[in-house]
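Engineer: Okay, here's the prediction I keep looking at, along with the sequence it came from:
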Amino acid sequence: MIKFLDLQKINAQYALELKQAAAEVIDSGWYLLGDRLKQFETKLAGYIGVKHAIGVGNGLDALRLILKAYIEMGVMKEGDEVIVPANTYIATILAITGNRLKPVLIEPDIQTYNLDISLVEQHITSRTRAIMLVHLYGQACWSEELENIAKKYKLKIIEDNAQAIGAIWNSQKTGSLGDAAGNSFYPGKNLGALGDAGAVTTDDDELAGVVRALGNYGSSKKYINDYQGVNSRMDEIQAAFLSIKLKYLDAENHRRNEIAQYYLNNINHPNIILPQINLKLKTQNSKLNHVWHLFPIRHPHRNKLQQYLSKNGIQTLIHYPIPPHKQLAYKEWNKLSFPITEKIHDEVLSLPISPVMTVNEKEIIIKVISEY
Ligand SMILES: *Cc1c(COP(=O)(O)O)cnc(C)c1O
């Protein structure tokens, strides 16, 4: 069986370094808010190109804490609107509703699957305070038009960078493009911890301070609580693992890109639609403008194709089978219609893609697909 993502094999590459780091943390007797977190935060901020990186418990918390901090700072309040793509993993939306803000769902572009920026302005109201972008599947979502809209209406731009760490737009990394970004180090992400972890990245000094306090019971000084915070901190052991894995991130993203290019050049099937790169990104001739967290193809009878691939030893996954507005969690939206989002959810299928795939595996996948 060709696995969709072989995490065991990915982490085995670094096993010696990871085990040594784990032993050091165990022996240190210090497990939270210590030097290893500080070191990782400094490295991550340098890598992304921002002033501040704040380690938190997971990617969802990173997004949630950015919005909660803006509420504490008086930038937004309960009931305000946040524009967000309808085509995203539900965590993006949960971060908004969890803060009693109102998501305004917008259709994606059918070519890139990312937010259709041309639809943003018509959805802005007097209550709109932010745009939460998602760099879905690893592809940067950005444009000058978007920056201009945000300036004109004084909106914050928050990036959900969970799937795109390392991606570049115009020589700037995603996670540094907007006012703040949420990053996820869920084990299956391109920079994966060995458990849950996340981070907020931003250039905004005030926001960084409030996020840091909010993730630690609302306290920046022990037993002094300025906000009603939560407990969402990155473990020292995960920070130590992530400092190691960050060194290899660009090389791993280049491997993903090679596999994606191989698929793009070799899959040639009348009913399969391949993922497309935003033309603006293509012209920037940076190889890491898409970091291929996923390689989603589309087929009108996706489930049958998935069964066929599975019978032939190829594991695939669906990202995602049901859009947020059709979930029971958001019953009140179930009657809403987002035809492009729904079409994508009905047709996508993610092929195996990971830095540890072999040439042989890639070739088998191409052969099996061509025989379908
Ligand atoms: C993974 C993911 C998240 C949430 O990250 P966790 O670390 O799992 O909480 C948020 N948004 C998107 C788009 C994701 O893919």
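Structural biologist: Alright, I've got the coordinates. Numbering: from 1, shown residues only.
Engineer: now the helices for the stretch 201-350 of the chain?
Structural biologist: With helices called from DSSP state H, counting those that start in this stretch, the stretch 201-350 of the chain shows them at 205-214, 236-247, 249-266, 279-282, 302-311, 339-347.
Engineer: wait, the stretch 51-200 of the chain
Structural biologist: Ranges of helices in the stretch 51-200 of the chain, per DSSP H, counting those that start in this stretch, are 59-72, 90-97, 144-153.
Engineer: Which one of the helices of the stretch 201-350 of the chain lies nearest to the ligand?
Structural biologist: Closest approach to the ligand among these (Cβ to the nearest ligand atom): helix 236-247, 11.2 Å. Glycine gets a C-beta too; all of them are placed from N, C-alpha and C.
Engineer: okay, the helices of the stretch 201-350 of the chain in CSV with mean pLDDT and distance to the ligand next?
Structural biologist: What follows is the helices of the stretch 201-350 of the chain, written out as CSV (pLDDT from 0 to 100; distance: least, Cβ to the nearest ligand atom, whole Å):
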stretch, mean pLDDT, distance to the ligand
helix 205-214, 98, 15
helix 236-247, 98, 11
helix 249-266, 96, 15
helix 279-282, 68, 18
helix 302-311, 98, 20
helix 339-347, 98, 14
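Engineer: Mean neighbour count and distance to Gly29 added to these, as TSV?
Structural biologist: Below are these laid out as TSV (neighbours: other Cβ atoms under 10 Å; distance: least, Cβ to Cβ, whole Å):
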stretch	mean neighbour count	distance to Gly29
helix 205-214	21	23
helix 236-247	22	10
helix 249-266	17	30
helix 279-282	14	47
helix 302-311	15	48
helix 339-347	17	48
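Engineer: residues from the stretch 101-250 of the chain in reach of the ligand?
Structural biologist: Proximity of the stretch 101-250 of the chain to the ligand, by Cβ under 6 Å from any ligand atom, involves residues 134, 160, 162-163, 184, 186, 196, 198.
Engineer: Report the two of those separated the most.
Structural biologist: Using Cβ to Cβ, those span at most 19.4 Å, a distance reached by Val134 and Asp196.
Engineer: Looking at the two now, which is surrounded by more residues?
Structural biologist: Set Val134 next to Asp196 and count neighbours by other Cβ atoms under 10 Å: Val134 wins out with 27 against 19.
Engineer: Regarding this structure, what is its longest strand?
Structural biologist: If you go by DSSP state E, the chain has its longest strand at strand 128-134.
Engineer: tell me the angle of that strand relative to helix 59-72?
Structural biologist: Here strand 128-134 runs at an angle of 160 degrees relative to helix 59-72 (axes from the mean of the first three to the mean of the last three Cα atoms, to 10 degrees).
Engineer: Can you spell out which helices and strands pack onto strand 128-134?
Structural biologist: Applying 3 or more Cβ pairs under 8 Å, 6 or more residues apart in numbering; DSSP states H and E, we find strand 128-134 packed against helix 59-72, strand 81-85, helix 90-97, helix 144-153, strand 156-160.
Engineer: Now tell me what touches the first one from outside.
Structural biologist: This points to helix 59-72. Contacts to helix 59-72, defined as Cβ atoms under 8 Å, 6 or more residues apart in numbering, come from residues 56, 76-78, 82, 91-92, 94-96, 98-99, 101, 129-130, 132, 156, 158, 160, 162, 180-186, 189, 198-200, 202, 207, 210-211, 214-215, 227, 230, 232.
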